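Enquirer: here is a sequence together with a model predicted from it:
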Amino acid sequence: MMVLLYNCFLILIVGVFVYKYVLKYYKTCETNQARHFILLASLIHFIGTAFFYITMKEPLGEIDAYKYYIGAKQATVWIDLFGINKSIISFLIYPFVQIGIQLSVLFFVFSCISLIGLISYFKLINFQEFKLLNKFMLVFFLMPSIHFWGGFVG
C-alpha cells in the first residue's frame, strides 16, 4: 500500500511542478503560434515516452533502462553504484527504487526532467521569433532526437 502511495505522490509532485513550469512559459508566449508550438512539443514529448515504455518488449535484459532499474534494485549498498560509467543512472535512481518506485513512474519523472530541458532550450534559442516554416523544421527534425536521447531512464 505504501509503495502505491509513494508512486502516486512522486507522479503528483513532479507532474504539478512540470505543469507549472510549462504554464509559466506558455503565458510568456506572445503569439498563438508559439503557444500551440509549446503544447504540441509537450504532447509529442509525452506521447514519445509512453510509446517507448509500452513498446519495450522481451528480452528486457537488453534494454538499458531496464538494466539500470534492475541494477539499482539488486544493489545492496548505494555507494557501490557510484562511478563514471553507466552505473551512474542506477546510482541516481537507487533511493527511488529501494522505496518501491516503479519503472513506469521513473520513465515519467525522467520525461518531465527532459521536458523542462526542452522548454529551457526553446527559451535559449528564442524560438518565438522564428518563422512558421522554421518552427515546423524544428519540430520535424530536432524534436525526435532531443526527446530520444533525453527522455528516458536509459
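Expert: In hand now; what should we look at? Just so we're clear, the structure is a prediction, and the values are computed from it rather than from any experiment.

Enquirer: quick one: low-confidence residue ranges for this structure.
Expert: For the chain, the stretches with pLDDT under 70 are 57-61, 86, 127-154.

Enquirer: again, only this time at 90
Expert: Along the chain, segments meeting pLDDT under 90 span 1-3, 26, 28-94, 103-104, 107-108, 110-154.

Enquirer: shouldn't residue 53 be in contact with residue 105?
Expert: No. If you go by C-beta atoms under 8 Å, residue 53 and residue 105 don't touch, sitting 10.5 Å apart. Every residue, glycine included, has its C-beta placed from N, CA and C.

Enquirer: do you know how far residue 7 is from residue 98?
Expert: Per C-beta to C-beta, to the nearest Å, residue 7 is found 13 Å from residue 98.

Enquirer: kindly report the same for residue 34.
Expert: Taken as C-beta to C-beta, the span from residue 34 to residue 98 is 42 Å.

Enquirer: compare those two (neighbour count), which wins?
Expert: residue 34 (19 against 12; other C-beta atoms under 10 Å).
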